[in-house]
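Peer 1: Model the structure of this input:
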Amino acid sequence: MIRRDPEHEAPVEPSTQAAAAEETDVVVVGGGGAGLAAAIEAATLGRKVVLLEKNERLGGSTAWSVGSITATLTPHQIEAGILDCPADHDADVPGFAGRWKGRDNDELRRLLTDAVPETFRWLLSMGVVFFGPMPEPPHRRPRMHTVLPNSRAYIHQLSRRARKLGVDVRTGCRVASLLARDGAVRGVNYRRSGGERVILARGGVVLASGDYSASPELKAKLISPAVAEVEPVNPMSTGDGHVMAMALGAKVLNGDVRLGPEIRFVPPPLLGLLRALPPSRGLALVMKWSMKHLPQRLLRPFILAVLTTALAPSRSLFTEGAILVNRSGKRFTDECDEPALSVAGQPGKVAYILLDRSVAEKFTAWPHFISTAPGVAYAYLDDYRRNRKDVFHRAPTLEALGDRLGIPGVDLAETVARYNAGRRDGRPALERGPFYALGPVKSYVVITDGGLAIDRRMAVLDGEGRAVDGLFAAGSAGQGGLLLEGHGHHLGWAFTSGRLAGRQAACRALSPPLETPAAH
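Peer 2: Sure thing, here's the model as predicted:
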């Protein structure tokens, strides 16, 4: 029997006034990488599929990502003469766990590392182009592949395939609740253009609705009230699928695991250069050839325009002496502890990274970089001066720097003097002009890793560990306690789990018409 969670108000069954239900084989909730993979797999097996996306465009967090996918046995590895295997990949992944070590789902991790090589080839078959592999320790061998020209290429190619297979893609459709009867999920109730509609699904429903980094309520409940105040990278990741499944008694595993809070520079006024490129295969092939054959000195300006837009400042900035100040010129945290959590509580939720000449001179060459994409390139202070004039500030004195930032210069000078006099951690004083500020920076939750409990079939489990009949989950919604630290594992899981969930829902599809669940 399906049990409702009294803490959530999402209705399980439609009202008697709901519109007449339509029928299909599989309903997929979410139009990101996991959802499109599920829809394609189910449609490939001949099932009638409806995909519902609450936004006006497909993409989800996949389209927001850097775009890397980590896999072994790829054509790229083979061409490079790299001998690798899924078992070694599986053995290396725990090295990324850090403070979360010991909380992984070993079964799902092995499922991912075994299946992602085939998933990679599946993406290639749809026209997705990759560059790599690139190293990322503690991986013992290069396994990270970056999509070209940008992460929107996934959505571009997969949506084309989905539509070609006859998937009914509907945008602007927010699923409000799951419909259940006799212990099974039978469909969904969704809203479109102000009205409520019902779709029944013979094979079941796949939740591919993303994470909950943009849900203050779920972050407060599963992580902490402090993290609930931190902004998300993707403002549409509101955990809708988590809430609907929890209303049926499903549970979330590793709810407190997340990437972030993380300090990042505010986005540039215009769309980043790389993300502005059209996600065409032709352009991707030109970029791949260029990255293989052109000298790095010619490619570096292009690559650095991307790095200075998308990545977080290095922690070493602070260990080498930089400090954080807010809009009032006040230092408000220990920068070497967890400064990202403190930034969210400052005026405007912003701060500035303050450097003097001594610190600035260090961050002009290896090994002192401002930001990096592993295996791609490093960005130094001069790269920010050239590529991010909106966040690069320089002045001969602290008073003059404060004027440029709109901060009272006297207050800024007093803050630095107080810091210099009270240092106890061996960090250098900030006393040599000119002085620099990088920012504003904000604190972001990049992604939350708490996912609904699932089994190897991607079936959602209830509080007693039993499969909820007709309900499957993939991607961040169906992470099942799996840790996906390191680059390229979230996307690998999104596409792999999406395919598995779509296949399972397709195989469950029933031939007799479904009866609309009756109201209580």
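Peer 1: for Ala474, phi and psi?
Peer 2: The phi and psi values for Ala474, taken as degrees, to the nearest 10, are phi -150, psi 160.
Peer 1: What separation do you get for it and Arg174?
Peer 2: As defined by C-beta to C-beta, to the nearest Å, Ala474 lies at a distance of 19 Å from Arg174. For glycine as for every other residue, the C-beta is placed from the backbone atoms N, C-alpha and C.
Peer 1: Counting neighbours, go ahead and name the busier of the two.
Peer 2: Remark: of Ala474 and Arg174, Ala474 carries more neighbours, 38 against 14, as counted by other C-beta atoms under 10 Å.
Peer 1: Check the gap between the more buried one and Gly426 for me.
Peer 2: Applying C-beta to C-beta to Ala474 and Gly426 gives a distance of 48 Å.
Peer 1: And Gly195, by the same measure?
Peer 2: Distance from Gly195 to Gly426, counting by C-beta to C-beta: 64 Å.
Peer 1: Just after the lowest-mean-pLDDT helix or strand in the chain, pick out the following helix or strand.
Peer 2: Across the helices and strands of the chain, mean pLDDT, DSSP states H and E gives its lowest value to helix 273-276, namely a mean of 58. Following helix 273-276 in sequence order, the next helix or strand is helix 281-293 (DSSP states H and E).
Peer 1: Mind giving me the packing neighbours of that next one?
Peer 2: On a contact count with 3 or more C-beta pairs under 8 Å, 6 or more residues apart in numbering; DSSP states H and E, helix 281-293 meets strand 129-134, strand 144-148, helix 152-164.
Peer 1: deepest of the ones you listed, which one?
Peer 2: strand 144-148 (a mean of 25; mean count of other C-beta atoms under 10 Å).
Peer 1: quick one, helices of the stretch 1-150 of the chain?
Peer 2: Under the criterion DSSP state H, counting those that start in this stretch, the stretch 1-150 of the chain contains helices at 33-44, 60-64, 75-79, 86-92, 106-125.
Peer 1: For the top strand by length along the chain, give the mean pLDDT please.
Peer 2: Secondary structure of the chain read by DSSP state E shows that its longest strand is strand 195-207. For strand 195-207, mean pLDDT rounds to 96.
Peer 1: in it, what counts as buried?
Peer 2: Arg197, Val198, Ile199, Leu200, Ala201, Arg202, Gly203, Gly204, Val205, Val206, Leu207 (16 or more other C-beta atoms under 10 Å).
Peer 1: hey, where'd the strands end up in the stretch 401-520 of the chain?
Peer 2: With DSSP state E, counting those that start in this stretch as the criterion, the stretch 401-520 of the chain has strands at 435-445, 447-448, 451-452, 459-461, 467-473.
Peer 1: Provide a list of residue ranges in this structure with pLDDT below threshold.
Peer 2: 1-19, 269-277, 293, 296-310, 373-377, 510-520 (pLDDT under 70).
Peer 1: what residues go with each domain of it?
Peer 2: The chain breaks down by automatic domain parsing into domains covering 22-65+150-257+448-508, 262-445.
Peer 1: Format the ones you listed as CSV; extra columns: distance to Pro137.
Peer 2: Shown next, in CSV, are the domains of the chain (distance: least, C-beta to C-beta, whole Å):
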stretch, distance to Pro137
domain 22-65+150-257+448-508, 10
domain 262-445, 8
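Peer 1: Out of those domains, which is the most enclosed?
Peer 2: Of those, domain 22-65+150-257+448-508 is the most buried (mean count of other C-beta under 10 Å), at a mean of 23.
Peer 1: now do the same end-to-end measure for it.
Peer 2: Terminal residues of domain 22-65+150-257+448-508 are spaced 18 Å apart (C-alpha to C-alpha, to the nearest Å).
Peer 1: what's the offset of it from the middle of its chain?
Peer 2: Distance of domain 22-65+150-257+448-508 from its chain centroid, counting by C-alpha atoms, centre = their mean, to the nearest Å, is 14 Å.
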